[in-house]
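J.: Provided below are the primary sequence and the corresponding predicted coordinates.
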Amino acid sequence: MADIIDIDEKRPHKAGQAMCLDCRYEWTAVTPAGTFHMDCPKCQSKRGRWLIDADEREVDKFICTLMKENRALKQLVADLVLNAKERAEET
């Protein structure tokens, strides 16, 4: 008999920085893809949200489009993304 594989372990997921809208606690969350509301691990409210709700490919594509249209705006967005990545690495 073959080993049984739990299908839930193979489903797409997302990992990233999240924050509670009630207590402002920040944490690294891992959830099934498509999850928008999370339970806060500190205060247990249902108001956890992604800090940045886009994957890196979307951000890169957005920055490339801005570079063609507006160099100053592109730099601002690049700085914001870099800041968010640095904050994520600190935790």
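T.: Nice, thanks for sending it over. Numbering: from 1, shown residues only.
J.: tell me what the strand or helix carrying residue 82 is packed against?
T.: Secondary structure assigned from DSSP states H and E places residue 82 in helix 71-90. Secondary structure elements in contact with helix 71-90, counted by 3 or more C-beta pairs under 8 Å, 6 or more residues apart in numbering; DSSP states H and E, are strand 13-20, helix 56-69. Glycine gets a C-beta too; all of them are placed from N, C-alpha and C.
J.: for the shortest one, give me every contacting residue.
T.: This means strand 13-20. For strand 13-20, the external contacting residues (C-beta atoms under 8 Å, 6 or more residues apart in numbering) are 25-33, 35, 38, 40, 42-43, 45, 47-52, 55, 84, 87-88, 91.
J.: now intersect the residues you listed with the strands, please.
T.: Within the contacts of strand 13-20, residues falling in strands by DSSP state E are 26-32, 48-50.
J.: most neighbours out of these, which is it?
T.: Within those, residue 48 tops the neighbour count with 26 neighbours, counted by other C-beta atoms under 10 Å.
J.: surely it and residue 37 touch.
T.: Yes - between residue 48 and residue 37 there is a contact at 6.7 Å, judged by C-beta atoms under 8 Å.
J.: how near is residue 14 to residue 6?
T.: 19 Å (C-beta to C-beta, to the nearest Å).
J.: looking only at neighbour counts, state which of these two leads.
T.: residue 14 (14 against 7).
J.: how far away is that one from residue 24?
T.: 21 Å.
J.: so what are the domain limits for this protein?
T.: 11-52, 54-91 (automatic domain parsing).
J.: let me see the mean pLDDT of the first one.
T.: Yep, that's domain 11-52 we're talking about. Mean pLDDT, domain 11-52: 89.
J.: make 700 the starting number, not 1.
T.: Noted, 700 is the first residue going forward, which turns the last one into domain 710-751.
J.: nearest residue to the middle of this structure?
T.: residue 715 (3.7 Å; C-alpha atoms, centre = their mean).
J.: beta partners of that one?
T.: Legend: beta-bridge partners of residue 715 under DSSP bridges are residue 728.
J.: ok, now how distant is it from residue 723?
T.: Counting by C-beta to C-beta, the gap from residue 715 to residue 723 is 17 Å.
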